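**Student:** Sequence below, structure please.
(chains A and B)
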Amino acid sequence: MKNFLNVYTDPVYSFTFVCIAFFFMIKYVHIVATKKFGIGLMLSTLIMFILCFMDPTFTKNFYITNDNVPIIFLVFLLAWTTWFALYQGVRNDNRIANGLPPLEGTPENREKVWAWPNLVYTELFAIILGTVFLIAWSVFFKAPLEEPANPTWAPNPAKAPWYFLGLQEMLVYFDPWLAGVLLPGLIIVGLIAIPYIDMNPKGNGYYTFAERKFAIITYLFSWLVLWNFLIIIGTVFRGPNWSFYGPFEVWDTHKVVAANNVNISEMLWINTLGVKLPSNIFVREIAGILMTLAYLVLFPIFLTKKIFNFNGLLGKICNGGFLGQRYLKSLGWARYALLIFLVLMMLTLPIKMYMRWLINLKYIVFMPEFEFNI
Amino acid sequence: MSNKTINRREFFSFLSVGWITFAAATGGMLSLVFRFLYPNVVFEPAMDFVAGAPADFDDGVDERWKNVFGVWMYKNEGRVVALSNICTHLGCVPTWLPAERKFKCPCHGSGYYPNGINFEGPAPRPLERYKVSLDAAGQIIVDKTKVFRYEKGEWTHPDSFVTA
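**Tutor:** A predicted model of the protein is given here:
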């Protein structure tokens, strides 16, 4: 079991597992959003966690940085808030399906109270309790302070603050301009743009899942899988040299990990055509440039056209039913273009991760001459 | 509330005084900030240093100047070069792993051969080399103000290496 976990928590595998788990969470949301399931999941996770602590290596790895304690605590909190939101949403969906108003819309819940003192008092006590908690915390757990910074030396592994470890994990697969500047910028711009893109008037003032499926699924996927899961990987499963280390694996600095990667240009010219790289960089990178343009320009247009006749999910996507025509019609072309651009940029992360794992891809477009690498 | 009114001309004179004061205060503030760009004392190692005679170095990577100046000396086939210790991915400091014969960055796992060529991880280009030259006494002078980049074909430049 320990060996199994040591091998399959590697993001190469576990990312797929988490994606599948996410798919089943959405597909069987009416089962996930029950109290039985929530309690069962919480208890089984806790028991598994306690069992893990019986292993001395796990305990040692866990306490290497004190940050891990609040991070794992936050993971439980995250699971709770996600489950609770889904629980309330599904409960309202069932009420609406039965012709009842959502729970927040019942006459007894429409009664209004003053923010002062009802809300402000609650907030005050939350602040006081939070401060007490932090003071007690700082007394019992010492801050992991180290020697003054030295520009010619870095700790191994060098980890960002825990909330940036998802970004640091992302940087493994991208050029710093993309993963450090463009994608984080797009996250912020995208969050700001949500109210301008989202034309769905439903779910206003009450929890729902069925009436806001696209918004909730897109958001939860990026939040749970692409952001929080990567933070967990960066926190728990990354050791010296930023290599993967399983939860029961000793951190050995000399662990050998094959990480040789090749660019698309090398795959095309050297491996496939068997010639030297062309000296003109635009000719050299033609395959990557065409792929990027196809992905960002042709693919969104393709989604709106009815070209193939497929059935089922494939048909929904390819016949322009799922994202394409329906959203193009209801949103207008400007909102559709913005939406599809943001979604595609979000999906570059899993796409690039899988390309790295499957074909050892380094960069799609590789122009270090201009500091431009995709 | 007073009923005193000011006319358009008075309003603009107040406004002008206000803007002039604001601009002067901001300018004064910025001039103070500008002064701090030029500190009186800099606690940093010099940008150029004497690294020793080429014969002092054995073949391979030498770490003797790494902790002071952030430079690895690398000798191979009778040539000595000075490698920067800044990862070309995001500027962390890689570690020299003698057993694996490679530089490995602790931040995102980029790896380099001893000559500075990147071969694994996300680093887009090889480590930069600094300008090296021989002084009259036959000692190597490393000048960190001038870098030579492999992808620009600069490693063949005569200033980027000294012959032992």
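
**Student:** which bits of chain B sit near chain A?
**Tutor:** Within chain B, the positions lying close to chain A (Cβ under 8 Å from any Cβ of the partner chain) are B:66-70, B:85, B:89-90, B:92-95, B:97, B:99-100, B:104-109, B:111, B:119-122, B:124-125, B:151-152. Every C-beta, even on glycine, is put in place using the N, C-alpha and C of the backbone.

**Student:** from the residues you listed, which ones fall inside strands?
**Tutor:** Judged by DSSP state E, those include B:95, B:97, B:104, B:111, B:119-120 as members of strands.

**Student:** List buried members of these by neighbour count.
**Tutor:** B:95, B:97, B:104, B:111, B:120 (16 or more other Cβ atoms under 10 Å in any protein chain shown).

**Student:** Could you tell me which residues make contact with the first one?
**Tutor:** Contact partners of residue B:95, counting by Cβ atoms under 8 Å, 6 or more residues apart in numbering or on different chains, are A:154, A:156, A:241, B:103-106.

**Student:** Show me what counts as buried in the lengthiest strand in chain B.
**Tutor:** As assigned by DSSP E, the longest strand anywhere in chain B is strand B:140-148. When burial is assessed from 16+ other Cβ under 10 Å, strand B:140-148 yields the following buried residues: B:140, B:142, B:144, B:147-148.

**Student:** so what secondary structure elements neighbour it?
**Tutor:** When contacts are defined as 3 or more Cβ pairs under 8 Å, 6 or more residues apart in numbering or on different chains; DSSP states H and E, strand B:140-148 sits against strand B:48-52, strand B:71-76, strand B:79-84, strand B:129-134.

**Student:** one step back: wait, which of the buried ones among the ones in strands among the residues of chain B next to chain A is closest to residue A:296?
**Tutor:** If you rank these by distance to residue A:296 using Cβ to Cβ, residue B:120 comes first, at 28.4 Å.

**Student:** which residues of the stretch 201-350 of chain A fall in strands?
**Tutor:** Read by DSSP state E, counting those that start in this stretch, the stretch 201-350 of chain A holds no strands at all.

**Student:** What distance do you get for residue B:128 to residue A:62?
**Tutor:** 39 Å (Cβ to Cβ, to the nearest Å).

**Student:** meant to ask about residue B:11, not that
**Tutor:** 67 Å.

**Student:** With neighbour numbers in mind, choose between the two.
**Tutor:** residue A:62 (17 against 11; other Cβ atoms under 10 Å in any protein chain shown).

**Student:** these two touch, right, the more buried one and residue A:68?
**Tutor:** Yes. Using Cβ atoms under 8 Å, residue A:62 is in contact with residue A:68, at 5.4 Å.

**Student:** which residues are common contacts for these two?
**Tutor:** residue A:236.

**Student:** quick revisit: ok, of the residues of chain B next to chain A, which come out buried?
**Tutor:** Applying 16+ other Cβ under 10 Å to these flags B:66, B:69-70, B:85, B:89-90, B:92-95, B:97, B:104-109, B:111, B:120-122, B:124-125 as buried.

**Student:** right, and residue A:287 touches residue A:271 too?
**Tutor:** No. Using Cβ under 8 Å, residue A:287 is not in contact with residue A:271; the gap is 11.8 Å.

**Student:** What parts of chain A come near chain B?
**Tutor:** So far as Cβ under 8 Å from any Cβ goes, chain A lies against chain B at A:150-158, A:168, A:171-176, A:180, A:240-243, A:253-254, A:256-261, A:362-363, A:366, A:368-369, A:371, A:373.

**Student:** list the buried ones in the helix ranked longest in chain B?
**Tutor:** Ranked by number of residues, the top helix in chain B under DSSP state H is helix B:8-35. For helix B:8-35, a neighbour-count test (16+ other Cβ under 10 Å) marks nothing as buried.

**Student:** just stretch A:277-292 next, same as before
**Tutor:** In stretch A:277-292, the ones that count as buried by 16+ other Cβ under 10 Å are A:281, A:284-289, A:292.

**Student:** related to what we said a few turns ago, quick one: which of the buried residues of strand B:140-148 is nearest residue A:336?
**Tutor:** residue B:147 (46.2 Å).

**Student:** Now do residue B:98 against residue B:13, distance only.
**Tutor:** Taking Cβ to Cβ, one finds residue B:98 at 76 Å from residue B:13.

**Student:** typo on my end, it should be residue A:163
**Tutor:** 52 Å.

**Student:** How about residue B:117?
**Tutor:** Residue B:117 is 69 Å from residue B:13, by Cβ to Cβ.

**Student:** count of neighbours near the nearest residue to residue A:193 once chain neighbours are set aside?
**Tutor:** Counting by Cβ to Cβ, 6 or more residues apart in numbering or on different chains, residue A:193 lies nearest to residue A:338, which is 6.3 Å off, once chain neighbours are set aside. When counting by other Cβ under 10 Å, one arrives at 16 neighbours for residue A:338.

**Student:** again, but for residue A:4
**Tutor:** Residue A:4 has 9 neighbouring residues, counting by other Cβ under 10 Å.

**Student:** Quick one: distance of the helix or strand in which it is found to the chain centre.
**Tutor:** Here residue A:4, judged by DSSP states H and E, is contained in helix A:2-8. Chain-centre distance of helix A:2-8: 22 Å, with Cα atoms, centre = their mean, to the nearest Å.

**Student:** Can you pull the phi/psi pair for the residue lying closest to residue A:371 once chain neighbours are set aside?
**Tutor:** Distances taken as Cβ to Cβ, 6+ apart place residue A:177 nearest to residue A:371, at 6.8 Å, with adjacent residues excluded. Dihedral pair for residue A:177: phi -60, psi -40, per degrees, to the nearest 10.

**Student:** can you pull the contacts of residue A:177?
**Tutor:** A:371-373.

**Student:** tell me which of these is nearest to chain B?
**Tutor:** Using Cβ to the nearest Cβ, residue A:373 comes nearest to chain B of the contacts of residue A:177, at 4.9 Å.

**Student:** Could I get the contacting residues of the closest one?
**Tutor:** Going by Cβ under 8 Å, 6+ apart, the list of residues near residue A:373 reads A:175, A:177-178, A:363, A:365-367, B:124.

**Student:** Can I get the residues you listed in JSON lines including pLDDT?
**Tutor:** As requested, the contacts of residue A:373 are exported to JSON lines (pLDDT from 0 to 100):
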{"residue": "A:175", "pLDDT": "88"}
{"residue": "A:177", "pLDDT": "88"}
{"residue": "A:178", "pLDDT": "89"}
{"residue": "A:363", "pLDDT": "88"}
{"residue": "A:365", "pLDDT": "88"}
{"residue": "A:366", "pLDDT": "86"}
{"residue": "A:367", "pLDDT": "84"}
{"residue": "B:124", "pLDDT": "88"}
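
**Student:** my read: residue B:128 touches residue B:145, true?
**Tutor:** No. Contact status for residue B:128 versus residue B:145: not in contact, 12.0 Å apart, counting by Cβ under 8 Å.
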